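*Asks:* Give the three-dimensional model of this entry:
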Amino acid sequence: MDPDTDVLDGACHCGGVQFHVRLADGLRTARRCDCSYCSMRGAVAVSAALADIQIVAGADVLSCYTFGTHAAKHYFCSRCGIYTHHQRRSNPEQYGVNVACLDGMSPFDFAEVPVNNGRQHPSEVDAGAYRRVIGMLQFVPATD
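*Replies:* Reported below is the predicted structural model:
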């Protein structure tokens with residue numbers, strides 16, 4: 001895996017939604033979130049500016065889910081249900097893009113992924129009490 005990889009194509013599971021993306025800092029922005037939704041979804045996401053993702057097929061089958069403050073917009077294929085990307089609450093000028101949807105990528109390509117504090121927003125807590133990264137998720141391959 002080349003951390004400098006920054007231009008990729010991607011798709012949902014059924015191929016109904018296809019996109020092209022330029023990542024903000026290659027694969028170095030990989031992270032998980034501990035908000036109630038992301039904890040259940042379990043995806044690893046990388047960052048892209050809003051202008052740097054183009055839906056090349058399937059815009060008509062993309063659905064959007066919001067909750068709570070409705071600031072984050074989570075997009076998924078209405079046919080296969082796979083989450084492709086979301087507009088972030090923490091930075092509304094960015095998308096988080098599901099690594100598993102990127103051609104040739106897997107969340108298991110990352111030995112370690114930071115887990116960000118998604119249950120609290122920096123604007124909602126005392127600045128001294130806010131921790132952005134709350135842990136690390138590790139993938140350790142089994143050995144025989």
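
*Asks:* Would you map the helices across this protein?
*Replies:* Applying DSSP state H to the chain gives helices spanning 36-41.

*Asks:* if I look at the residue nearest to the spatial centre of the chain, how far off is residue 60?
*Replies:* Centroid-nearest residue in the chain: residue 45, 2.6 Å away (criterion: Cα atoms, centre = their mean). Applying Cβ to Cβ, to the nearest Å, the value for residue 45 to residue 60 is 24 Å. Yep, even glycine has a C-beta here, placed from its N, CA and C like the rest.

*Asks:* Could you do residue 29 as well?
*Replies:* As judged by Cβ to Cβ, residue 29 and residue 60 stand 29 Å apart.

*Asks:* Between these two, tell me which one has more neighbours.
*Replies:* residue 29 (17 against 9; other Cβ atoms under 10 Å).

*Asks:* Could I get the contacting residues of the closest residue to residue 24 other than its chain neighbours?
*Replies:* Spatial nearest neighbour of residue 24, chain neighbours left out: residue 47 (4.2 Å); criterion: Cβ to Cβ, 6 or more residues apart in numbering. Listed by Cβ atoms under 8 Å, 6 or more residues apart in numbering, the contact set of residue 47 reads 23-25, 29, 94-97.

*Asks:* could I get those as CSV with pLDDT and distance to residue 16?
*Replies:* Shown next, in CSV, are the contacts of residue 47 (pLDDT from 0 to 100; distance: Cβ to Cβ, whole Å):
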residue, pLDDT, distance to residue 16
23, 95, 23
24, 94, 26
25, 93, 29
29, 94, 26
94, 94, 24
95, 97, 19
96, 95, 20
97, 97, 17
